[in-house]
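Quick one: sequence plus predicted model below, questions after.
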Amino acid sequence: MFRTSPRALSRLLAVLAVVLVTVPISPANAMADPTTPKVTWAVQPADRNGPDGRRWIEHTLDPGQVVTEHLSVRNFSDSAVVFSLKAADGYLTDKGRFNMLPSNEKSVDGGTWIEVQEKVTVGAKQTKVVPFTITVPQDATPGDHPAGIAATVTSTGGTVAVESRVGFRVMMRASGTITASLAIDELSAKYTPSWNPFSGGTVRISYTATNNGNVAVTGAGQATVGELFGLTGQEIPAQVEEIMPGGDRAVDARVDGVWGLFRLRTTVEVTPAVLGGDPTGAEIRPASVTVTTWTAPWAQLALVVILGALVLAFRIITRRRRQRLAQLLADAREEGRTEGRKTTTVGG
């Protein structure tokens, strides 16, 4: 039989708290802490009658505008559950998944625009529809103000409280001038040669794409590695996944078939595309950055040296053989002349 010390149990519960609180919100089922009765539930956008099939809520709103929306909370459990309803600023995780700020962090943007009742009680196997309002501040800046709204259950285990939540994103865009802009920073290009002299090497490209506009965007373009002052080169597509305003994303790519002919110019060009809403009239600001890398085609140079050495050795050996053959012929002629003189002297 294994025994767990109170200190070890506390650490385990702390780890579980971090895991559960940071689970990205989505319209899917959730389960509360296993130390409490089993609780599973789902949260989805809705109209007054129930879930309406939307995955998230999306609106373009004017400053000062007020909109009423609805969410549904479905309790799959065998007993009634009291859910806390919370809204908070939204963001993308490092893996590109949407999440909302945890309860211990204060919202300062879109999360403050949403007002919803604090709690709702949902009976066993039942669904409740709850209205909530979105109020856009009069001084709202144009662009996207992402948020999330969720139903949460808090359970306690010892001295640790675990908050489990399920919800969906609420994408709010304040009307005005829309700017889709990406900046490319920290571009680096590292060349790795192929030791097969008949095959090109690889350039590994890394950079940070930053959304310095005011709407969520993706990016599409190309990464080019030019050689011989642009006379030859390789090109691959450059793709940037969704980035929220003010967010950034690390991008890595590789370009194969590069010979490494001394001076490599690596250029990344990306054009942003507006996500959601009406992009008509949006100001699009592409990004283009170039970095120069100096290298050498060592495998090919080694092959040239080896071939040159072989040619030189062949020529030296051939010349020596010819010289030796010429010497042998000369010696034979001299020997013949000597024999001839001896024969003449004896006969005389």
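Now that the structure is in, tell me what you want to look at.

which residues in this protein form helices?
Ranges of helices within the chain are 6-21, 298-347, based on DSSP state H.

low-confidence ranges in the stretch 151-300 of the chain?
157-159, 298-300 (pLDDT under 70).

returning to that earlier point: which one of the helices of the chain has the poorest average confidence?
Note on the helices of the chain: helix 6-21 shows the lowest mean pLDDT, a mean of 37.

Quick one: residues contacting residue 69.
Shown in contact with residue 69 (CB atoms under 8 Å, 6 or more residues apart in numbering): 45, 57, 131, 132, 133, 134, 170. Where you see a C-beta, it was placed from the backbone N, CA and C, and this is true even at glycine.

need those residues in a markdown table with distance to residue 83, can you?
Listed next are the contacts of residue 69 as a markdown table, based on distance: CB to CB, whole Å:
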| residue | distance to residue 83 |
| --- | --- |
| 45 | 16 |
| 57 | 18 |
| 131 | 15 |
| 132 | 13 |
| 133 | 19 |
| 134 | 20 |
| 170 | 17 |
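
Pull the most distant pair out of those residues.
Taking CB to CB as the measure, the contacts of residue 69 span a maximum distance of 14.4 Å, between 45 and 133.

more neighbours, these two?
Ranked by neighbour count (other CB atoms under 10 Å), residue 45 and residue 133 place residue 45 first, with 21 against 12.

Can you tell me how far that one is from residue 219?
Per CB to CB, to the nearest Å, residue 45 is found 28 Å from residue 219.

ditto for residue 247
In terms of CB to CB, residue 247 sits 12 Å off from residue 219.

Check residue 129 too.
For residue 129, the distance to residue 219 - CB to CB - is 38 Å.

still on that earlier bit, show me which of residue 247 and residue 219 is the more surrounded one.
Using other CB under 10 Å as the criterion, residue 247 and residue 219 rank with residue 219 on top: 25 against 17.

correct me, but that one touches residue 272?
Yes: with contact defined as CB atoms under 8 Å, residue 219 reaches residue 272; the gap is 5.2 Å.

Quickly list what's touching both of these two.
182, 240, 287.

Tell me which residues touch the first one, please.
Neighbour list for residue 182: 209-213, 217, 219, 240, 243, 270, 272, 285-287 [criterion: CB under 8 Å, 6+ apart].

Just flag the most distant two among those.
Maximum distance among these (CB to CB): 14.6 Å, for 243 and 286.

Compare neighbour counts for these two and give me the winner.
For residue 243 versus residue 286, neighbours defined as other CB under 10 Å are more numerous around residue 243 (23 against 14).

Return the member of the contacts of residue 69 nearest to residue 88.
Nearest member of the contacts of residue 69 to residue 88, counting by CB to CB, is residue 170, at 10.1 Å.

how close does that closest one get to residue 67?
Going from residue 170 to residue 67 by CB to CB gives 10 Å.

Please enumerate the shared neighbours of these two.
residue 134.

Could you check which of the two has the larger neighbour count?
residue 170 (26 against 14).

thought the more buried one was touching residue 61?
No: when contacts are counted by CB under 8 Å, residue 170 is not listed as touching residue 61 (11.2 Å).

quick one: common contacting residues for these two?
residue 134.

residue contacts, residue 252?
204, 205, 206.

again, only using 7 Å
Residue 252 makes contacts with residue 206, as judged by CB atoms under 7 Å, 6 or more residues apart in numbering.

where's it relative to residue 190, distance?
Going from residue 252 to residue 190 by CB to CB gives 11 Å.

Tell me how many other residues crowd residue 194.
For residue 194, the count of nearby residues is 19 (other CB under 10 Å).
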